[in-house]
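A.B. asks: mind looking at a prediction? Sequence and model below.
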Amino acid sequence: MRTGIATVCLSGTLEEKLRAAAKAGFGGVEIFETDLVTSSLSPEDVRLLAEDLGLGLDLYQPFRDLDSVPEELYRANLRRAEAKFGLMGRLGIETILVCSNVGTASIDDDALRTEQLHGLAELAADHGVKVAYEALAWGTYVNDYEHAWRLVADADHPSLGTCLDTFHILSRGWDTEPIEKIPGEKIFFVQVADAPKLSMDVLNWSRHYRVFPGEGQFDLPKFLGHVAHTGYNGPVSLEVFNDTFRQADVERTAVDAMRSLIWLEERTAQHVAAQRVAAEHDGALAAPAAKPAMPLRTLPEVAPPSGMNFAEVTAEDTHPLERLLAQLGFASQGEHRTKPVSLWTLGDARIVLNRQQARGVAPGISALAFDVDDAVKAVARASQLKAVPVARASQAGEEILQAVRAPDGTEVFLCQDARWTREFGGGEGEAAHDGDRSPSSVGSGARGGRARIDHINLAQPWQHYDEAVLFYSSTLALTPQPSQDVSSPSGLVRSQVMQTPLADGGRAVRLALNLAPWVRADSVRGTVFDTFAEHIAIEVPDLIAHAQACRRRGLPFLPIPDNYYEDLDARFELPPGKLAALREFDLLYDRDEHGEFLHFYTATVGSVFFEVVQRIDGYDGFGAPNAPVRHAVQHAAQHRGQR
Ligand SMILES: O=C(O)c1ccc(O)c(O)c1
Ligand SMILES: [Mg+2]
């Protein structure tokens, strides 16, 4: 599949955009007119630069408001077009995008439009240019891709074809099946964009909220499957108007963009293959689908992770964390035999404290580790999706752990077992703490009554939220849930859960991304992430017993205001004894259609704190109604600390 990206997707100057697109591995670009007009590079310079970078200049766009106009205006439009055709000759670009009229259209007449498009195609042919006509979703008279295609078919000129743009088609809910009736050679260009489903006018939705494939809610593999069946084999090019991407780091956005196309290509290949299997199955009824002309690459496939293997916190001084972990009931398994790293466990929950390269670093989450079937394959997949493998120094005979870096710098380990824990020694071993393992109505996880990591909550700078969602869903096969807004004294926090499917009444992995507007755009884990606390949640089989034991060990609980308990009583009518126990231990409570949730939080150390949870009868949430309470108490504590 030939990949492309419109320059309008990226920040920076035209030169910066071209360099970033080439570096991320794109085959070609669409030059957006404003980027050229505002550039100090001459058209010839742009052509040479693209050649040097090995980047195709695949489209010049947009040419606006050609059709459905009176004769005099049409003549002026042709003059305007001719100037652009000359410019394209200097740039070495063959195809121009002409979008349906949204501004000056005054005559609703298909015969006139056909004539005007034919006239433009004649002029284009004289200049060796091809015209790709695109229906904008808000076009005055032409706003449906089938209508645009009918006009192109009727104009019947070899220099005129159509451009399909997923946004204009899927935002209007048009059926994509009829795409297969368009001959592939009459599709001159294909633009792809995803978007969240929003209820707003389509123009603003398009100009501000498009996202890269896999970051929104459109069914793009189905669309591209239809396109592939037409025989089209030209560029599949990202055209994503997004306020955030246009101000984010250009190279980072280009990599995110490339990842989205690699993901889309794989999903389309899978979709096409599944269709073929279905067609063969119904062989008697339907002819087996032909293999599309567009080559579609796949990636090493991985199953969703089967658990969280460990979480790592890095700090220069780990003593405050050690105290907190001991109070939580964790036991020290001692130091790594060659590195300044220690291991702490509670049941199957493993926390690694890392003092390597930690000078001046306040405690914060630095790595996550997932259990996978095949770690080498998982790293191969992630690498093909543009994740950078992590090289960690290791000595002969040590377990080598496979890892890649998430875009925000978090190290993501992919583990097949916990053999690596044998590198640690000299600790107290598995201490049986009171209250940690009492049998109880075990929830979804805490299998066999053993504690485990329930979820990890990471902060993301708002500029990189969509990128993080795509990264974790494409590399690790986590499924994004609808996001939720949570109020906090510093602003709204958008909470995005990514998780594995429900199995045995529970979920193996839950990851929550918190989009906090005040986490700086240039935040890199371990340096300035301390502006927003992140946490590791441990599931235990009996939360009240665990809380009692923690209190005996002197654990600093996050104090919960009394108003919360009054509200809880009003909402849930809890038995008085239960309410009193919740209040006594600063516990929080929630209920969903499955069961109940009990949880509490610790004080924050550096930028990390811990949560302890109990899921009863398959409760499947995160206590979201309680999150504003936590944010408010943490906010107050932070401000007290600053005074
Ligand atoms: O918003 C626009 O004007 C616009 C221009 C060109 C396109 O290809 C498009 O999809 C939208
Ligand atoms: Mg478009």
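C.D. replies: Cool, the structure landed. Residues are numbered from 1 along each chain as shown. Ligands and ions are numbered 1, 2, ... in the order given.
A.B. asks: SS state for whatever residue of the chain ends up closest to ligand 1?
C.D. replies: Using C-beta to the nearest ligand atom, the closest approach of the chain to ligand 1 is made by residue 62 at 3.8 Å. Using the backbone N, CA and C atoms, a C-beta is placed for each residue, glycine as well. For residue 62, the assignment made with DSSP: H, G, I helix; E, B strand; the rest coil gives strand.
A.B. asks: so it versus residue 321, what's the distance?
C.D. replies: Distance of residue 62 to residue 321, computed by C-beta to C-beta, to the nearest Å: 55 Å.
A.B. asks: helix or strand with the lowest mean pLDDT in this structure?
C.D. replies: In the chain, the helix or strand scored least confidently by mean pLDDT, DSSP states H and E is helix 627-642, which has a mean of 85.
A.B. asks: which other residues reach it?
C.D. replies: Residues from elsewhere that reach helix 627-642, judged by C-beta atoms under 8 Å, 6 or more residues apart in numbering: 486-490, 493, 495, 533, 558-561, 564, 588, 601, 603-604, 609.
A.B. asks: those in helices, which ones?
C.D. replies: residue 564 (DSSP state H).
A.B. asks: give me the buried subset of the contacts of helix 627-642.
C.D. replies: With neighbours counted using 16 or more other C-beta atoms under 10 Å, those contain these buried positions: 486, 488, 490, 493, 495, 533, 558, 560, 564, 588, 601, 604, 609.
A.B. asks: could I get the full set of helices for the stretch 1-150 of the chain?
C.D. replies: Secondary structure of the stretch 1-150 of the chain (DSSP state H, counting those that start in this stretch): helices located at 14-24, 33-37, 43-53, 71-91, 110-126, 145-155.
A.B. asks: can you add distance to ligand 1 and give the ones you listed back as a markdown table?
C.D. replies: Output for the helices of the stretch 1-150 of the chain, formatted as a markdown table (distance: least, C-beta to the nearest ligand atom, whole Å):
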| stretch | distance to ligand 1 |
| --- | --- |
| helix 14-24 | 16 |
| helix 33-37 | 9 |
| helix 43-53 | 19 |
| helix 71-91 | 14 |
| helix 110-126 | 16 |
| helix 145-155 | 11 |
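A.B. asks: so which of those is nearest residue 459?
C.D. replies: helix 14-24 (25.3 Å; C-beta to C-beta).
A.B. asks: that closest one - contacts with which helices or strands?
C.D. replies: strand 28-32, helix 33-37, helix 43-53, helix 250-281 (3 or more C-beta pairs under 8 Å, 6 or more residues apart in numbering; DSSP states H and E).
A.B. asks: give the buried residues for it.
C.D. replies: So for helix 14-24, counting by 16+ other C-beta under 10 Å, buried means 14, 15, 17, 18, 19, 20, 21, 22, 24.
A.B. asks: how much space between residue 337 and ligand 2?
C.D. replies: From residue 337 across to ligand 2, the span is 58 Å (C-beta to the ion, to the nearest Å).
A.B. asks: name the nearest residue to that residue, ignoring sequence neighbours.
C.D. replies: Closest residue to residue 337 apart from its sequence neighbours, by C-beta to C-beta, 6 or more residues apart in numbering: residue 423 at 5.4 Å.
A.B. asks: neighbours around that neighbour, how many?
C.D. replies: By other C-beta atoms under 10 Å, the residues close to residue 423 number 20.
A.B. asks: you'd agree it is up against residue 399?
C.D. replies: Yes - contact status for residue 423 versus residue 399: in contact at 6.4 Å, counting by C-beta atoms under 8 Å.
A.B. asks: so for whatever residue of the chain ends up closest to ligand 2, what's the pLDDT?
C.D. replies: For the chain and ligand 2, the shortest gap (C-beta to the ion) falls at residue 165, measuring 3.5 Å. On pLDDT, residue 165 comes in at 98.
A.B. asks: any regions of the stretch 401-550 of the chain where pLDDT drops low?
C.D. replies: Residues of the stretch 401-550 of the chain meeting the criterion pLDDT under 70: 430-448, 517-531.
A.B. asks: all strands of it, in order?
C.D. replies: 402-405, 411-415, 424-426, 452-461, 479-480, 484-488, 491-499, 510-516, 534-539 (DSSP state E, counting those that start in this stretch).
A.B. asks: give me whichever of those strands is most buried.
C.D. replies: Neighbour counts (mean count of other C-beta atoms under 10 Å) averaged over each of the strands of the stretch 401-550 of the chain peak at strand 534-539, with a mean of 25.
A.B. asks: parallel or antiparallel, list what pairs with that strand.
C.D. replies: strand 452-461 (antiparallel), strand 608-616 (parallel) (DSSP bridges).
A.B. asks: so residue 303 touches residue 377, yeah?
C.D. replies: No - applying C-beta under 8 Å as the test, residue 303 and residue 377 come out as separate, 10.1 Å apart.
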